[in-house]
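K.L.:
Let me see the structure of the following:
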Amino acid sequence: MKELTIRLDASLRQALDDLADAQGRPPEELAEKAVRGYLHAEGRLVRALAERIAKEHAELLRRLGE
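P.N.:
Down below sits the predicted model:
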C-alpha cells in the first residue's frame, strides 16, 4: 500500500481525531474509508453522466463509428 500525506486544518484534524477516538479506530482508517466512499460516489455520478450523454448522442456516436 502506498502512503499519502493529507494536510488538514486544525478543526478538521480535531474532528477526525475525536471521531476516531469515539469509534476506537485509528484516524487513518477513517480517512481511508472517507476517501473510498467519496471515490465510489463520484464514480457513480461520472458513470451516470457518461451513460446519459451516450444515450443523448447515440446516433452521432453510431455515425462516427462507421
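
K.L.:
Report the separation between residue 4 and residue 28.
P.N.:
Counting by C-beta to C-beta, to the nearest Å, the gap between residue 4 and residue 28 amounts to 10 Å. C-beta: built from backbone N, CA, C; applies to glycine.

K.L.:
before we move on, what about residue 47?
P.N.:
Distance check for residue 47 against residue 28: by C-beta to C-beta, it reads 28 Å.

K.L.:
lowest confidence element among the helices and strands of the chain?
P.N.:
Per-element confidence for the chain was summarised using mean pLDDT, DSSP states H and E. The lowest value among helices and strands belongs to helix 58-64, with a mean of 86.

K.L.:
Neighbour count: residue 47 and residue 28, which is higher?
P.N.:
Neighbours of residue 47 and residue 28, each counted by other C-beta atoms under 10 Å, are more numerous for residue 28; the result is 13 against 10.

K.L.:
Within the helices and strands, which one has that one?
P.N.:
When elements are defined using DSSP states H and E, residue 28 is found to belong to helix 27-56.
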